[in-house]
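Visitor: everything below, folded, please.
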Amino acid sequence: IGWLAALGVTLALVLLANPVGFVGGGWDDWQYLNAARCWVENGPCLPRDHWQGRWPVIAPIAGIMALLGESRLTIGLPSLAYAIGCLFLLARLGNRLAGPPVGYAAALVLLVMPIFGIELLGPNAEHPELFFLLLSANFIQAYAGRKQAWSAFAAGLSWALAFQVRETAITAL
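Guide: Below is the predicted model:
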(Lines give C-alpha, C1' and ligand atoms only; values in the text may rest on other atoms or scores of the structure.)
Protein backbone atom coordinates (compact mmCIF):
# COMPACT_ATOMS: atom_id res chain seq x y z
CA ILE A 1 0.00 0.00 0.00
CA GLY A 2 3.04 2.26 0.38
CA TRP A 3 3.63 2.28 -3.37
CA LEU A 4 -0.03 3.10 -4.05
CA ALA A 5 0.16 5.96 -1.56
CA ALA A 6 3.35 7.20 -3.24
CA LEU A 7 1.61 7.12 -6.63
CA GLY A 8 -1.44 8.94 -5.24
CA VAL A 9 0.61 11.64 -3.51
CA THR A 10 2.82 12.09 -6.58
CA LEU A 11 -0.25 12.38 -8.81
CA ALA A 12 -1.69 15.05 -6.51
CA LEU A 13 1.63 16.94 -6.47
CA VAL A 14 1.95 16.82 -10.27
CA LEU A 15 -1.61 18.12 -10.62
CA LEU A 16 -0.91 20.92 -8.11
CA ALA A 17 2.32 21.87 -9.86
CA ASN A 18 0.78 21.74 -13.32
CA PRO A 19 -2.99 22.27 -13.33
CA VAL A 20 -3.01 23.61 -16.90
CA GLY A 21 -5.37 21.21 -18.67
CA PHE A 22 -7.20 22.56 -21.69
CA VAL A 23 -5.19 25.08 -23.72
CA GLY A 24 -7.32 25.64 -26.82
CA GLY A 25 -6.26 28.17 -29.43
CA GLY A 26 -6.35 25.73 -32.34
CA TRP A 27 -4.17 23.09 -30.65
CA ASP A 28 -5.15 19.42 -30.60
CA ASP A 29 -7.23 19.74 -27.42
CA TRP A 30 -9.33 22.43 -29.11
CA GLN A 31 -9.92 20.08 -32.04
CA TYR A 32 -11.10 17.33 -29.66
CA LEU A 33 -13.37 19.77 -27.84
CA ASN A 34 -15.04 20.86 -31.07
CA ALA A 35 -15.54 17.26 -32.13
CA ALA A 36 -17.02 16.45 -28.69
CA ARG A 37 -19.36 19.44 -29.00
CA CYS A 38 -20.66 17.97 -32.26
CA TRP A 39 -21.26 14.63 -30.51
CA VAL A 40 -23.12 16.33 -27.65
CA GLU A 41 -25.34 18.25 -30.06
CA ASN A 42 -25.94 15.57 -32.73
CA GLY A 43 -24.75 12.20 -31.45
CA PRO A 44 -21.71 10.59 -33.07
CA CYS A 45 -20.58 12.78 -35.98
CA LEU A 46 -18.83 11.64 -39.12
CA PRO A 47 -15.20 12.77 -38.98
CA ARG A 48 -13.97 15.49 -41.31
CA ASP A 49 -10.31 15.22 -40.23
CA HIS A 50 -8.04 12.92 -38.25
CA TRP A 51 -8.86 14.60 -34.93
CA GLN A 52 -12.58 13.96 -35.31
CA GLY A 53 -11.89 10.32 -36.21
CA ARG A 54 -10.32 9.57 -32.85
CA TRP A 55 -13.57 8.56 -31.20
CA PRO A 56 -11.93 6.82 -28.19
CA VAL A 57 -10.68 10.32 -27.30
CA ILE A 58 -13.84 12.20 -28.27
CA ALA A 59 -16.60 9.91 -26.94
CA PRO A 60 -15.58 10.13 -23.26
CA ILE A 61 -15.22 13.93 -23.49
CA ALA A 62 -18.66 14.19 -25.10
CA GLY A 63 -20.16 11.88 -22.47
CA ILE A 64 -18.78 13.90 -19.56
CA MET A 65 -19.84 17.16 -21.22
CA ALA A 66 -23.36 15.81 -21.74
CA LEU A 67 -23.55 14.77 -18.07
CA LEU A 68 -21.74 17.61 -16.29
CA GLY A 69 -21.59 20.44 -18.80
CA GLU A 70 -18.60 22.03 -20.49
CA SER A 71 -15.79 23.37 -18.34
CA ARG A 72 -11.99 23.11 -18.19
CA LEU A 73 -12.34 20.39 -15.55
CA THR A 74 -14.93 18.25 -17.32
CA ILE A 75 -13.02 18.45 -20.61
CA GLY A 76 -9.92 17.13 -18.82
CA LEU A 77 -11.50 14.36 -16.73
CA PRO A 78 -11.38 11.67 -19.45
CA SER A 79 -7.67 12.32 -19.97
CA LEU A 80 -7.06 12.04 -16.24
CA ALA A 81 -9.01 8.77 -16.15
CA TYR A 82 -6.94 7.39 -19.05
CA ALA A 83 -3.73 8.50 -17.31
CA ILE A 84 -4.70 6.81 -14.04
CA GLY A 85 -5.61 3.71 -16.05
CA CYS A 86 -2.16 3.79 -17.67
CA LEU A 87 -0.49 3.95 -14.28
CA PHE A 88 -2.57 1.04 -12.98
CA LEU A 89 -2.00 -1.13 -16.07
CA LEU A 90 1.75 -0.41 -16.17
CA ALA A 91 2.09 -1.24 -12.48
CA ARG A 92 0.08 -4.43 -12.92
CA LEU A 93 2.04 -5.58 -15.95
CA GLY A 94 5.43 -4.73 -14.46
CA ASN A 95 4.61 -6.47 -11.19
CA ARG A 96 3.37 -9.59 -12.98
CA LEU A 97 6.34 -9.82 -15.33
CA ALA A 98 9.20 -8.74 -13.03
CA GLY A 99 7.66 -8.90 -9.56
CA PRO A 100 6.79 -6.11 -7.18
CA PRO A 101 7.82 -3.32 -6.82
CA VAL A 102 9.07 -3.10 -10.43
CA GLY A 103 5.64 -2.22 -11.80
CA TYR A 104 5.00 0.40 -9.15
CA ALA A 105 8.39 1.98 -9.75
CA ALA A 106 7.76 2.03 -13.52
CA ALA A 107 4.38 3.72 -12.96
CA LEU A 108 6.01 6.28 -10.69
CA VAL A 109 8.67 7.03 -13.31
CA LEU A 110 5.98 7.42 -15.99
CA LEU A 111 4.00 9.76 -13.76
CA VAL A 112 6.92 12.13 -13.17
CA MET A 113 7.90 12.28 -16.86
CA PRO A 114 7.00 15.79 -18.05
CA ILE A 115 5.39 14.62 -21.28
CA PHE A 116 2.99 12.46 -19.29
CA GLY A 117 2.30 14.89 -16.44
CA ILE A 118 1.75 17.94 -18.60
CA GLU A 119 -1.24 16.36 -20.30
CA LEU A 120 -2.98 14.90 -17.24
CA LEU A 121 -5.92 17.30 -17.55
CA GLY A 122 -5.75 18.15 -21.25
CA PRO A 123 -7.55 16.24 -24.01
CA ASN A 124 -4.91 14.30 -25.91
CA ALA A 125 -4.33 11.14 -27.92
CA GLU A 126 -1.25 10.02 -25.99
CA HIS A 127 -2.97 8.77 -22.84
CA PRO A 128 -5.78 6.86 -24.60
CA GLU A 129 -3.33 5.27 -27.05
CA LEU A 130 -0.99 4.20 -24.24
CA PHE A 131 -3.94 3.00 -22.15
CA PHE A 132 -5.21 0.68 -24.87
CA LEU A 133 -1.69 -0.57 -25.69
CA LEU A 134 -1.08 -1.37 -22.00
CA LEU A 135 -4.51 -2.99 -21.78
CA SER A 136 -3.63 -5.14 -24.78
CA ALA A 137 -0.30 -6.11 -23.21
CA ASN A 138 -2.08 -7.07 -19.98
CA PHE A 139 -4.49 -9.29 -21.92
CA ILE A 140 -1.59 -10.87 -23.83
CA GLN A 141 0.11 -11.61 -20.53
CA ALA A 142 -3.13 -13.13 -19.21
CA TYR A 143 -3.45 -15.26 -22.35
CA ALA A 144 0.12 -16.49 -21.99
CA GLY A 145 -0.71 -17.76 -18.52
CA ARG A 146 -4.17 -19.26 -19.05
CA LYS A 147 -4.63 -19.76 -22.82
CA GLN A 148 -8.22 -18.52 -22.69
CA ALA A 149 -9.52 -17.38 -26.07
CA TRP A 150 -11.34 -14.38 -24.59
CA SER A 151 -7.98 -12.95 -23.44
CA ALA A 152 -6.59 -13.11 -26.97
CA PHE A 153 -9.77 -11.52 -28.35
CA ALA A 154 -9.65 -8.76 -25.71
CA ALA A 155 -5.96 -8.13 -26.51
CA GLY A 156 -6.79 -7.71 -30.20
CA LEU A 157 -9.76 -5.48 -29.46
CA SER A 158 -7.66 -3.32 -27.12
CA TRP A 159 -4.95 -2.98 -29.74
CA ALA A 160 -7.57 -2.06 -32.35
CA LEU A 161 -8.84 0.69 -30.06
CA ALA A 162 -5.27 1.97 -29.64
CA PHE A 163 -4.95 2.01 -33.43
CA GLN A 164 -8.29 3.84 -33.69
CA VAL A 165 -6.87 6.55 -31.45
CA ARG A 166 -3.72 6.93 -33.52
CA GLU A 167 -1.98 4.89 -36.18
CA THR A 168 1.33 5.05 -34.33
CA ALA A 169 -0.03 2.16 -32.26
CA ILE A 170 1.21 -0.04 -35.11
CA THR A 171 4.58 0.03 -33.34
CA ALA A 172 3.13 -2.37 -30.77
CA LEU A 173 3.30 -5.14 -33.36
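Visitor: just give me the neighbour total for the nearest residue to E126 once chain neighbours are set aside.
Guide: Once flanking residues are discounted, E126 sits nearest to E119: 6.1 Å by CB to CB, 6 or more residues apart in numbering. In short, each C-beta sits where N, CA and C put it, glycine included. When neighbours are counted by other CB atoms under 10 Å, E119 registers 24.
Visitor: now for E119: which residues touch it?
Guide: 79, 83, 126-127 (CB atoms under 8 Å, 6 or more residues apart in numbering).
Visitor: please redo it, this time with the cut-off set to 7 Å
Guide: 79, 126-127 (CB atoms under 7 Å, 6 or more residues apart in numbering).
Visitor: same deal with T74?
Guide: Residues in contact with T74 (CB under 7 Å, 6+ apart) are 64-65, 68.
Visitor: okay, it: pLDDT?
Guide: Looking at T74, its pLDDT is 93.
Visitor: for it, give its distance to L68.
Guide: Noted for T74: a distance of 5 Å to L68, by CB to CB, to the nearest Å.
Visitor: buried ones in stretch 112-123?
Guide: 116-117, 119-123 (16 or more other CB atoms under 10 Å).
Visitor: report the longest helix in the protein, please.
Guide: Determined from DSSP state H, the single longest helix within the chain is helix 72-98.
Visitor: following element in sequence after it, please.
Guide: Past helix 72-98, further along toward the C-terminus, the next helix or strand under DSSP states H and E is helix 102-112.
Visitor: centre of the chain versus the longest helix of the chain, how much separation?
Guide: Computed by CA atoms, centre = their mean, to the nearest Å, the chain-centroid distance of helix 72-98 equals 6 Å.
Visitor: try stretch 13-21
Guide: Per CA atoms, centre = their mean, the centroid offset for stretch 13-21 relative to its chain is 17 Å.
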